[in-house]
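Undergrad: quick check, what structure comes out for this input:
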Amino acid sequence: MIDRFEITILAVDDEPFMLKLLALTLANLGYTSVKTYDSALKVLRAIDVADAPPDLILMDLNMPEMDGIEFMRGLVKRDYPGSLILVSGEDERVLQAAEKLVQAHHLTVLGYLRKPVKPEILAATVAKWQPAAHRSAAAAKKTYTAEKVDAAIANNELVNYYQPTVSLLTGHVVGVEALVRWRHPVDGLVLPDQFIGVAETHGLICGLTRRVIAGALRDAKSWRQEMRLALQIAINVSMDDLSSLDFVDYVSGETDAAGVSSKNVTLEVTESRLMQDLRVPLDVLTRLRLKRFRISIDDFGTGHSSLAQLRDLPFDELKIDRGFVHRAWADETVGAIFDTSVLLAKQLGMQIVTEGVEDRADWDFVRRSRCDTAQGYFIARPMPAQALHAWIEDWEERALTVA
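TA: I've put the predicted structure just below:
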């Protein structure tokens, strides 16, 4: 196994002083194989003739002759398998855009550093490096055919996990979101990103959604009878579900059969594709609201979830996407988007859910906001239905320390 302090590192910057500083800092941190270049073109030429590419490249963005973006394109053409760290004096938004561009090209980026580079931040960023083989193994995911997913739905292999939602005012548990998993007979528990897309592409999502709804209402009935818990149940629905006029009658029938009040059911709508015809979805959503179901716009700010959706569809809850919550306190741009979303929702009289509360800093940040509820790994990861009661008891004690 390679010693991370023996990884090969190249630093490219047109400023000689910056190159000397990076080399000295890396040497002081214990990295023994570091080369410096004052030109991105020289690095590409060196890679072309080297026996093996460097494990890590620290690259400046703003260089003459070939800038960092052009250099990155050269790395893509060469199928560069290593990692990148962006180093620049450019503003935060340029660095963020460059980082996302690297990710879009499927190169591994460990982060970005602002000039002048602080040794402790450089050390923490370089320490994220992993061998390419390790990254590939970690990223590898099994894919499933439509036939396999269809069989899983038919054979009742789908199971709901639940992620709690808590009040930011009191800390009390107010609801759960149903998140589907596939209990595969061979592969174990399969996460939704490995089969939801297949279901949507091949017309299986409506059957899948109905399994989730039936299971969630069944669990809600059990919690109420056995633990006297009347929680708000959030269930994700797709635009395919909302394109069927009988969907309202189905949900109403299932809710009545479980003895669950429609007021305690929230249907979360994520718009992954642009709607060409609003008539049926608007019919369905309006009837659901008339029957007192809550309607939430999920992942607000991503995909096609937009101001036009808020204008045209009868939502009464806005769920701010994790990308605009986690570390929003440390990012001026993300924080501004978060604040604007909160203000907009409040002006429209909507309830606000913040998802992606990952740590104590996120928790403190959203508690200072005017949002209503929160969910995220800081509070709890998704769990089986039978684990909820014990978790609530633990959370009530913990909530006293974080409130």
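Undergrad: beyond the least confident helix or strand in the chain by mean pLDDT, next helix or strand please.
TA: Averaged element by element with mean pLDDT, DSSP states H and E, the chain has its least confident helix or strand at helix 132-139 (a mean of 55). From helix 132-139 onward toward the C-terminus, using DSSP states H and E, the following helix or strand is helix 146-154.
Undergrad: for that following helix, output the C-alpha coordinates as CSV.
TA: Written as CSV, here are the backbone C-alpha positions of helix 146-154 (Å, rounded to 0.1, in the frame of the first residue of the first chain):
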residue,chain,number,x,y,z
ALA,A,146,-35.9,-2.6,-15.6
GLU,A,147,-36.9,-6.3,-15.4
LYS,A,148,-35.1,-6.7,-12.0
VAL,A,149,-36.7,-3.5,-10.6
ASP,A,150,-40.1,-4.5,-11.8
ALA,A,151,-39.7,-7.9,-10.1
ALA,A,152,-38.6,-6.2,-6.9
ILE,A,153,-41.8,-4.1,-6.9
ALA,A,154,-44.0,-7.1,-7.6
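Undergrad: what does the average pLDDT come to for that helix?
TA: When pLDDT is averaged along helix 146-154, the result is 97.
Undergrad: what is that helix packed up against?
TA: The contact analysis (3 or more Cβ pairs under 8 Å, 6 or more residues apart in numbering; DSSP states H and E) places helix 146-154 against strand 173-184, helix 196-201, helix 205-227. Glycine gets a C-beta too; all of them are placed from N, C-alpha and C.
Undergrad: in the shortest one, what counts as buried?
TA: Right, helix 196-201. Judged by neighbour count (16 or more other Cβ atoms under 10 Å), helix 196-201 contains these buried residues: Ile196, Val198, Ala199, Glu200.
Undergrad: now the first one: how far from Asp150?
TA: It stands for Ile196. For Ile196, the distance to Asp150 (Cβ to Cβ, to the nearest Å) stands at 13 Å.
Undergrad: below-threshold pLDDT in the stretch 1-150 of the chain: ranges please.
TA: By pLDDT under 70, the low-scoring segments of the stretch 1-150 of the chain are 1-5, 133-140.
Undergrad: ok, the residue lying closest to Leu61 once chain neighbours are set aside - contacts?
TA: Distances taken as Cβ to Cβ, 6 or more residues apart in numbering place Gly68 nearest to Leu61, at 3.6 Å, with adjacent residues excluded. Residues near Gly68 by Cβ atoms under 8 Å, 6 or more residues apart in numbering: Ala40, Met59, Asp60, Leu61, Asn62, Leu86, Ser88, Ala98.
Undergrad: wait, doesn't the fifth one sit right on Asp91?
TA: No: Asn62 sits out of contact with Asp91 when judged by Cβ atoms under 8 Å, with a separation of 11.3 Å.
Undergrad: which SS class is Pro164?
TA: At Pro164 the chain is in strand, as set by DSSP: H, G, I helix; E, B strand; the rest coil.
Undergrad: quick check: closest non-adjacent residue to it.
TA: Nearest non-adjacent residue to Pro164, counting by Cβ to Cβ, 6+ apart: Ala380, 4.9 Å away.
Undergrad: and the pLDDT at that neighbour?
TA: pLDDT, Ala380: 96.
Undergrad: also the one 10 residues further on?
TA: Reading off the confidence values, Ala390 has pLDDT 93.
Undergrad: for the spatially most central residue of the chain, give me its contacts.
TA: The structure's the chain has its C-alpha centroid closest to Arg322; by Cα atoms, centre = their mean the separation is 5.7 Å. By Cβ under 8 Å, 6+ apart, the contact set of Arg322 is Glu355, Gly356, Glu358, Gly376.
Undergrad: pick out whichever of the buried residues of helix 196-201 sits closest to Gly111.
TA: Nearest to Gly111, judged by Cβ to Cβ, of these is Ile196 at 29.4 Å.
Undergrad: mind checking the SS state of Gly30?
TA: Three-state assignment for Gly30 (three-state DSSP): coil.
Undergrad: what's the PyMOL syntax to select whichever of the contacts of Gly68 are buried?
TA: Only the buried entries of these go into this PyMOL selection, using 16+ other Cβ under 10 Å:
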select buried, resi 40+59+60+61+86+88+98
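Undergrad: any idea how far Val255 is from Leu26?
TA: Slight slip there: residue 255 is Thr, not Val. To Leu26, Thr255 is 61 Å away according to Cβ to Cβ.
Undergrad: in contact with Thr333, which residues?
TA: Contact analysis of Thr333 by Cβ under 8 Å, 6+ apart lists Glu92, Arg93, Gln96.
Undergrad: what about the spatially closest residue to Ile297 that is not a sequence neighbour, which SS state?
TA: Counting by Cβ to Cβ, 6+ apart, Phe315 is the residue found nearest to Ile297 once chain neighbours are left out, at 4.6 Å. The three-state label given to Phe315 by three-state DSSP is coil.
Undergrad: which residues touch Phe315?
TA: With contact set as Cβ under 8 Å, 6+ apart, Phe315 has these partners: Val269, Ile295, Ser296, Ile297, Gln309, Met350.
Undergrad: also Ser244?
TA: Ser244 is in contact with Cys206, Val280, Val284, counting by Cβ under 8 Å, 6+ apart.
Undergrad: list phi and psi for it.
TA: When read as degrees, to the nearest 10, the backbone of Ser244 gives phi -110, psi 120.
Undergrad: now it: how far from Val280?
TA: Between Ser244 and Val280 the distance, using Cβ to Cβ, works out to 8 Å.
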